[in-house]
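Peer 1: any chance you could fold what I've pasted below:
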Amino acid sequence: MTNDSMKKIALLLCFSALMFAAANAQPAKTEILWDNWGVPHIYGKTTAGMYYAFGWAQMHNHADLILQLYGEARGRAAEYWGKNFLQGDEIVQKLNLGQVSQKVYDEQYPEYKTYLDAFVKGINAYAKAHPEAISEKYKQILPVIPQDVIAHTINILAVDFIAADNIYGSIREASRGSNAMAIAAGRSASKHAMLMANPHLPWQGFFTFFEAHLNAPGFSAYGTTLVGLPVLAIAFNNNLGWTHTVNPNNNSTRYELTLKDNGYLLDGAVVPFETRTVTIKIKQDDGTMKEEQLVCKYAKQGPVIAEKKDKAYAVRISGIDNAYFNEQYHKMAKASNFAEFETAVKMLQMPMFNLIYADRAGNIMYLDGGDMPVHATGDFWFWHDIVDGTSSKYIWSKILPYKNLPKLFDPSTGFVQNSNDVPWTCTYPTVLNPKNYPAYIAPEGWYARDFRDQHAMNMVKNNHSITFDDLVGYKLNTELETADRYLDSLLKAVAEHPDTIALKAAKVLKAWDRHADAGSRGTILWIQWCNDMHPDSVYKNPWELANPASTPNGLKYPGYAVRKLKQAANEVIKRFGSLDPAWGDFNRFRSGDIDLPGNGASSTYGSYRAVGFRYDNKDKKFRAVVGDSYVAITEFGKPVKAMVSLSYGNASQTGSKHIGDQLKLMSEKKLRPALLTKADILKNMEEREELDFK
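Peer 2: Numbers count the residues shown, from 1 in each chain. You can find the predicted model right below:
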């Protein structure tokens, strides 16, 4: 036998052995390491396996909530749970989200369809493995299908965030907002760029965040997303990170149509509606089912969402059928440098939101993002109002290209920030000029009118060597910017218009620390005075773009302000028993048996730590219900360093010990380290799961 023949036989035997081993090998396991804050650290053998585990993990912590949200996105929630869900069902049906989500699913590229399908498989696999963990009333949603996830994504981003005002006439939930800040290497004490992520949303339901750490070959990212979404929406990796803030935009339009002869007037002619009839089932209190016929009408402008006498109202929503949202966010999280990241962002699949970015190379970026309609006429306020539906010239069809959106990359100021205000104030001194952009993009003037944007500029503008701890301190800052604008003028006014009760109130306010910390005394009095003042009576000097961090200021009518202080003082004494109750005695962080002193205040008063408290009938105090949700402070050094928190905890499922378990951190104004290495995760591990994914 020749040497060549022996080599061939040996190679054949090796190949056969490898094939035998592969045939008898156990399936690759995907691993979830749960840390002691209920955060899943997922290690997938494949990217699809990672997303499978992501679906599983979301169900682990939020099963009932996820199934409810998907039921709502189907437009069948009233059928499942009763009449309280009827209005939402009608909107879903009028917008035809079932057909839209099917269209989006059909347009997915194979790779990303695989990831979406895997996420859904993980959801259903968890439900099958743990039926005891799911409430009976939500099991009827199973099995979940990919179109449910897509419809839910549209329901959150396009329907609620963009079009809630135009659909419902007002925002359905408490106000939503966000803070964000990026510090360039040149302004950082460590010479590493830093990023602050801080969305402010209601602490329940639709807007609940889920924190996770996703890993697969060639992919590693840490961040958060809204429950039920299949990708991280705010995240960082070893090279870069991004966050979002709600931006003032008119990416949806409400048109007033004039009805005539079973149609509507358009350019002087009567145009018939396109219609379809849907049967909506409504579960009654006694368990029986009632059926109603809903006639859905469609005009050239879009779906008709309301009718009143001889008028109908149609809504047009930008980005409602964006097909590649999941693909864009996967690519953003996978990107290793700005060029790759920007390529993903240019897809413009997120229909709204500012984007704030930082990376290991020291770069920072601000983008006033979203699918902004192109208009031939009208300014921001024209499109913010109800638009004449009798003329086709107002029916838009194109969006602004990426190159035309307001943005800054590495400005000489060394930082960018946004707290829901106009793009022109994204850094200080200002760089972007509204005159260089279409008037319909954003108003030229002060928009948010709650001083957070200005407070951010004032915290940063004089610090040219910002440390990581400085950035954490900025985020947790509870100082009320309104006090810096008006308090000195108010104290002067009291001296000029003395009154016994007003003098006592002024003494309290003079000693006040101007913060909304738990022990702050004077905050309640100050906020009561702010609430009692008519907005038009406050500002002596109005806001101006040339001085965006110090205007408006001063008191327009000092005598009136003193009378209102006297009124506020009497109200505080009557309600709280003294002029100077401690803020945290009456404003609480609560969940189940947890009841802790609160801090932070509504952004209306200029608190960067924005927290909204709602009256609690239990004991006539107030409990936090909206505001500071997820926080991530990241420094892009070697290695990456991050401190995080999720105010209300990373779970909502009944029985989970992680419901509200981070409120103590919030009460103490602390963050926790993000666990980014397997060694650190294992030191803080609560549970390990191994999943089979084929």
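Peer 1: roughly how far does the most centrally placed residue in the chain sit from N420?
Peer 2: Nearest to the centroid of the C-alpha atoms of the chain, with distances taken as Cα atoms, centre = their mean, sits P199, at 5.1 Å. As judged by Cβ to Cβ, to the nearest Å, P199 and N420 stand 10 Å apart. Bear in mind the C-beta positions are built from the backbone N, C-alpha and C, glycine included.
Peer 1: give me the common contacts of those two.
Peer 2: Jointly contacting P199 and N420 under the rule Cβ atoms under 8 Å, 6 or more residues apart in numbering are G177, S178, T245.
Peer 1: filter those down to the ones in helices?
Peer 2: Among the shared contacts of P199 and N420, none falls in helices (DSSP state H).
Peer 1: any idea which of those is closest to N531?
Peer 2: Nearest to N531 out of the shared contacts of P199 and N420 is G177 (Cβ to Cβ; 18.9 Å).
Peer 1: what's across from that closest one in the sheet?
Peer 2: Beta-bridge pairing of G177 under DSSP bridges involves H200.
Peer 1: that one and E479, how far apart?
Peer 2: Distance of G177 to E479, computed by Cβ to Cβ: 18 Å.
Peer 1: please enumerate the helices of the stretch 451-600 of the chain.
Peer 2: Using DSSP state H, counting those that start in this stretch, the helices of the stretch 451-600 of the chain run over 452-460, 468-475, 481-496, 500-511, 523-532, 558-576, 583-586.
Peer 1: return the most buried member of these.
Peer 2: Of all the helices of the stretch 451-600 of the chain, helix 452-460 carries the top mean neighbour count, a mean of 25, counting by mean count of other Cβ atoms under 10 Å.
Peer 1: contacts for that one next, please.
Peer 2: 177, 179, 181, 183, 415, 417-421, 425, 428, 466, 474, 477, 479, 481, 484, 548-550, 603, 606-608, 610.
Peer 1: run the chain-centre distance for it.
Peer 2: Offset of helix 452-460 from its chain centre (Cα atoms, centre = their mean, to the nearest Å): 20 Å.
Peer 1: can you check stretch 560-577 too?
Peer 2: 36 Å.
Peer 1: cool, and stretch 566-583?
Peer 2: Worked out by Cα atoms, centre = their mean, stretch 566-583 lies 35 Å from the chain centre.
Peer 1: what of stretch 501-519?
Peer 2: 34 Å.
Peer 1: now do the end-to-end distance for that stretch.
Peer 2: 23 Å (Cα to Cα, to the nearest Å).
Peer 1: circling back to that earlier point, between the helices of the stretch 451-600 of the chain, which one is closest to P146.
Peer 2: helix 468-475 (36.7 Å).
Peer 1: A78 and T277, how far apart?
Peer 2: On the measure of Cβ to Cβ, A78 and T277 end up 17 Å apart.
Peer 1: comparing the two, which residue is more hemmed in?
Peer 2: A78 (24 against 8; other Cβ atoms under 10 Å).
Peer 1: next, the contact list for the more buried one, please.
Peer 2: N84, F85, L86, D89, I280, K281, I282, K283.
Peer 1: what is the nearest of these to A624?
Peer 2: Nearest member of the contacts of A78 to A624, counting by Cβ to Cβ, is N84, at 24.4 Å.
Peer 1: leaving out chain neighbours, which residue sits closest to G606?
Peer 2: E481 (2.8 Å; Cβ to Cβ, 6 or more residues apart in numbering).
Peer 1: ok so, going back, which of the contacts of A78 fall within helices?
Peer 2: L86, D89.
Peer 1: please pick the buried ones from the contacts of A78.
Peer 2: F85, L86, D89, I280, I282, K283 (16 or more other Cβ atoms under 10 Å).
Peer 1: ok, now how distant is the closest residue to the last one other than its chain neighbours from K103?
Peer 2: Read it as K283. Leaving aside its chain neighbours, K283 sits nearest to G82 (4.9 Å; criterion: Cβ to Cβ, 6+ apart). G82 sits 30 Å away from K103 when distances are taken as Cβ to Cβ.
Peer 1: same question for N570.
Peer 2: Taken as Cβ to Cβ, the span from N570 to K103 is 60 Å.
Peer 1: rewinding a little: just to check, the residue nearest to the centre of the chain is in contact with T243?
Peer 2: Yes: counting by Cβ atoms under 8 Å, P199 does reach T243; the two are 7.5 Å apart.
Peer 1: which residues do the two both contact?
Peer 2: Common neighbours of P199 and T243 (Cβ under 8 Å, 6+ apart) are S178, I234.
Peer 1: any chance you could map the helices in the stretch 101-250 of the chain?
Peer 2: Taking DSSP H, counting those that start in this stretch as the criterion, the stretch 101-250 of the chain carries its helices at 110-129, 136-139, 146-154, 164-168.
Peer 1: who touches the second one?
Peer 2: The one in question is helix 136-139. With Cβ under 8 Å, 6+ apart, helix 136-139 has contacts from A63, D64, L67, Q68, G71, Y80, W81, A127, P131.
Peer 1: where does the chain dip in pLDDT?
Peer 2: Low-confidence segments of the chain (pLDDT under 70): 1-28, 170-175.
Peer 1: let's go with 80 and repeat that
Peer 2: For the chain, applying pLDDT under 80 flags the ranges 1-28, 169-176, 535-536, 694.
Peer 1: verify the stated contact: R590 with V625.
Peer 2: No: contact status for R590 versus V625: not in contact, 9.4 Å apart, counting by Cβ under 8 Å.
Peer 1: all strands for the stretch 251-400 of the chain, in order.
Peer 2: Along the stretch 251-400 of the chain, counting by DSSP state E, counting those that start in this stretch, strands occupy 252-260, 263-266, 269-272, 274-283, 289-299, 302-308, 311-317, 354-359, 364-368, 387-388.
Peer 1: same question for the stretch 1-150 of the chain.
Peer 2: 29-35, 40-43.
Peer 1: got the CA positions of the first one in PDB?
Peer 2: In PDB, the C-alpha atoms belonging to strand 29-35 read as follows (Å, rounded to 0.1, in the frame of the first residue of the first chain):
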ATOM      1  CA  LYS A  29     -27.100  25.100  24.900                       C
ATOM      2  CA  THR A  30     -28.000  28.800  25.200                       C
ATOM      3  CA  GLU A  31     -27.400  30.100  28.700                       C
ATOM      4  CA  ILE A  32     -29.100  32.700  30.900                       C
ATOM      5  CA  LEU A  33     -27.300  33.800  34.000                       C
ATOM      6  CA  TRP A  34     -29.700  35.800  36.200                       C
ATOM      7  CA  ASP A  35     -28.100  38.300  38.500                       C
END
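Peer 1: residues touching it, excluding its own?
Peer 2: With Cβ under 8 Å, 6+ apart as the test, strand 29-35 has contacts from 40-45, 49-50, 52-53, 56-57, 675, 678, 681-682, 684-693.
Peer 1: and the residues you listed, which of them are buried?
Peer 2: By 16+ other Cβ under 10 Å, these give 40-44, 49-50, 52-53, 56-57, 675, 681, 684, 689, 691, 693 as buried.
Peer 1: which of these fall in helices?
Peer 2: G49, M50, Y52, A53, W56, A57, I681.
Peer 1: quick one: which of the strands of the stretch 251-400 of the chain is nearest Y437?
Peer 2: Proximity to Y437, assessed across the strands of the stretch 251-400 of the chain by Cβ to Cβ, is greatest for strand 364-368 (8.8 Å).
Peer 1: and that closest one, which strands flank it?
Peer 2: In the sheet, strand 364-368 lines up with strand 354-359 (antiparallel), strand 407-409 (antiparallel) (DSSP bridges).
Peer 1: CSV please, covering these and showing mean neighbour count.
Peer 2: Listed next are the strands paired with strand 364-368 as CSV, based on neighbours: other Cβ atoms under 10 Å:
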stretch, mean neighbour count
strand 354-359, 27
strand 407-409, 17
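Peer 1: to L157, which of these lies closest?
Peer 2: strand 354-359 (14.0 Å).
Peer 1: still on that earlier bit, quick one: closest of the strands paired with strand 364-368 to V631.
Peer 2: strand 354-359 (13.9 Å).
Peer 1: save the strands paired with strand 364-368 as a markdown table, and put in distance to V271 too.
Peer 2: Shown next, in a markdown table, are the strands paired with strand 364-368 (distance: least, Cβ to Cβ, whole Å):
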| stretch | distance to V271 |
| --- | --- |
| strand 354-359 | 38 |
| strand 407-409 | 39 |
